[in-house]
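A.B. asks: sequence and predicted model, in that order:
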Amino acid sequence: MVHEHLYRPPPCSLWPEDLLQATGAAYRETRGAGLEPLACLDRAEAVYIAAGGVAMGARDVVVAIIASLSAERGDWLWGPAQEWLERYSPAHAEPAWAEA
């Protein structure tokens, strides 16, 4: 069932693969290091521009790229962040009584 009113990001094929990969890899790496989402976007935006992306409107494009990668390559994009969360989140920590 398709809901037309739900947001659907553009396809990854909209961007050149090298630009898509560089931007996504920067976001993936910083999220995997446990940085805050805005810091990750800042880093991805800087990499996007350094890789040849247009500076004007870069934040909106980076957000769209991240959304597209989330939809099409979510396991790749979010894998390191999920691993970080499992390693450092109190919800995933061993209970104190289990250590005894």
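C.D. replies: Sure, I can see it. Numbering: from 1, shown residues only.

A.B. asks: only C-alpha atoms from now on, for both contacts and neighbour counts.
C.D. replies: Will do.

A.B. asks: any idea which element A46 lies in?
C.D. replies: Following DSSP states H and E, one finds A46 within helix 37-50.

A.B. asks: mind listing what's buried in that helix?
C.D. replies: Buried residues in helix 37-50, counting neighbours by 16 or more other Cα atoms under 10 Å, are found at C40, L41, D42, R43, A44, E45, A46, V47, Y48, I49.

A.B. asks: for the chain, which spans come out with low pLDDT?
C.D. replies: Scanning the chain for pLDDT under 70 picks out 1-4, 90-100.

A.B. asks: let's go with 50 and repeat that
C.D. replies: For the chain, not a single residue meets the criterion pLDDT under 50.

A.B. asks: can you give me the strands for it?
C.D. replies: Per DSSP state E, the chain has no strands. Nothing in it meets that criterion.

A.B. asks: now do the helix holding A46: which elements does it pack against?
C.D. replies: In terms of contacts (3 or more Cα pairs under 8 Å, 6 or more residues apart in numbering; DSSP states H and E), helix 37-50 is packed against helix 17-32, helix 58-72.

A.B. asks: which stretch among those comes nearest H5?
C.D. replies: Proximity to H5, assessed across the helices and strands packed on helix 37-50 by Cα to Cα, is greatest for helix 58-72 (16.5 Å).

A.B. asks: residues making contact with the closest one?
C.D. replies: Applying Cα atoms under 8 Å, 6 or more residues apart in numbering, the external contacts of helix 58-72 come out as 9-12, 20, 23-24, 27, 41, 44-45, 48-49, 77-78.
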